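What would the 3D arrangement of this be:
(chains A and B)
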Amino acid sequence: EAQVTQNPRYLITVTGKKLTVTCSQNMNHEYMSWYRQDPGLGLRQIYYSMNVEVTDKGDVPEGYKVSRKEKRNFPLILESPSPNQTSLYFCASSPLGAGEYGYTFGSGTRLTVV
Amino acid sequence: DQQVKQNSPSLSVQEGRISILNCDYTNSMFDYFLWYKKYPAEGPTFLISISSIKDKNEDGRFTVFLNKSAKHLSLHIVPSQPGDSAVYFCAASALDTGNQFYFGTGTSLTVIP
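The predicted structure is shown next:
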């Protein structure tokens, strides 16, 4: 089954403790991206990658890191999480130029930073 | 600056009636417009799209209308069913920004049986 897999689905952590949210896709997509969803703000892009070793900032990159060492994986790293990073996170992927069909999204990771 | 806006956070409709969800955008360079549907505890899923060269696209009970002069698109669901209750996001992209999609804030649709 074609899918984007995120782990973990739920995570509670303490301020300052480094964490990684993994994302993997099995569709050989070039493009991958991370979004966060917050009430009243919709989906905001954190980082994206158009291919291996190519990453770029989205609209809200502060406090996050990403890497794209392999085509299928695009982990999101929070080096020193803070409570304002409590949010619902989605990983997404698509072929390049997928204007008509958009992204395939993962099921989401609910992160709480206390 | 929000390039894609959904001004109605929520909408309630009786089962069998029409649901109309609206979306406005500011960038005249957008080439594709999409609607996504999101259930709780799931990721958004693609619903329907429209190219900027068209003014209407239909898929079963779902129709998207595009008014480029007004920079407005709408999603019509006819007839509405309780299973349509979800959050709907509109999104837009421009060819010159590659795969970048800009999302609205979402409209929560409740279809009342």
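
Could you report the neighbour count for the nearest residue to residue B:36 once chain neighbours are set aside?
Nearest non-adjacent residue to residue B:36, counting by C-beta to C-beta, 6 or more residues apart in numbering or on different chains: residue B:44, 3.9 Å away. The way it works is simple: take the backbone N, C-alpha and C, and place the C-beta from them, glycine included. For residue B:44, the count of nearby residues is 29 (other C-beta atoms under 10 Å in any protein chain shown).

quick one, helices of chain B?
Remark: no helices are assigned in chain B by DSSP state H.

how about the residues of it near chain A?
Chain B comes close to chain A at residues B:6, B:9, B:31-32, B:34, B:36, B:41-46, B:49, B:51, B:89, B:91, B:93, B:95, B:98-101, B:103-106, as judged by C-beta under 8 Å from any C-beta of the partner chain.

got a list of what the residue nearest to residue B:36 touches?
By C-beta atoms under 8 Å, 6 or more residues apart in numbering or on different chains, residue B:44 lies in contact with A:43, A:90, A:103, A:105, B:36-38, B:89.

just to revisit the earlier point, drop anything exposed from the residues of chain B next to chain A.
Buried positions within those, assessed by neighbour count (16 or more other C-beta atoms under 10 Å in any protein chain shown), are B:6, B:32, B:34, B:36, B:43-44, B:46, B:49, B:89, B:91, B:93, B:98-101, B:103-106.

Flag the shaky bits of chain B, pLDDT-wise.
Within chain B, the ranges that satisfy pLDDT under 70 run B:1, B:98.

those strands in it, which residues are they?
Remark: strands assigned in chain B by DSSP state E are B:4-5, B:10-14, B:19-25, B:32-38, B:45-51, B:56-59, B:62-67, B:72-77, B:86-93, B:101-103, B:107-112.

Convert the second one to CSV, retaining C-alpha atoms only.
What that stands for is strand B:10-14. Extracted in CSV, the C-alpha atoms of strand B:10-14 (Å, rounded to 0.1, in the frame of the first residue of the first chain):
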residue,chain,number,x,y,z
SER,B,10,-17.4,26.0,10.7
LEU,B,11,-20.5,25.0,8.8
SER,B,12,-23.6,22.9,9.7
VAL,B,13,-25.8,21.4,7.1
GLN,B,14,-28.8,19.0,7.2
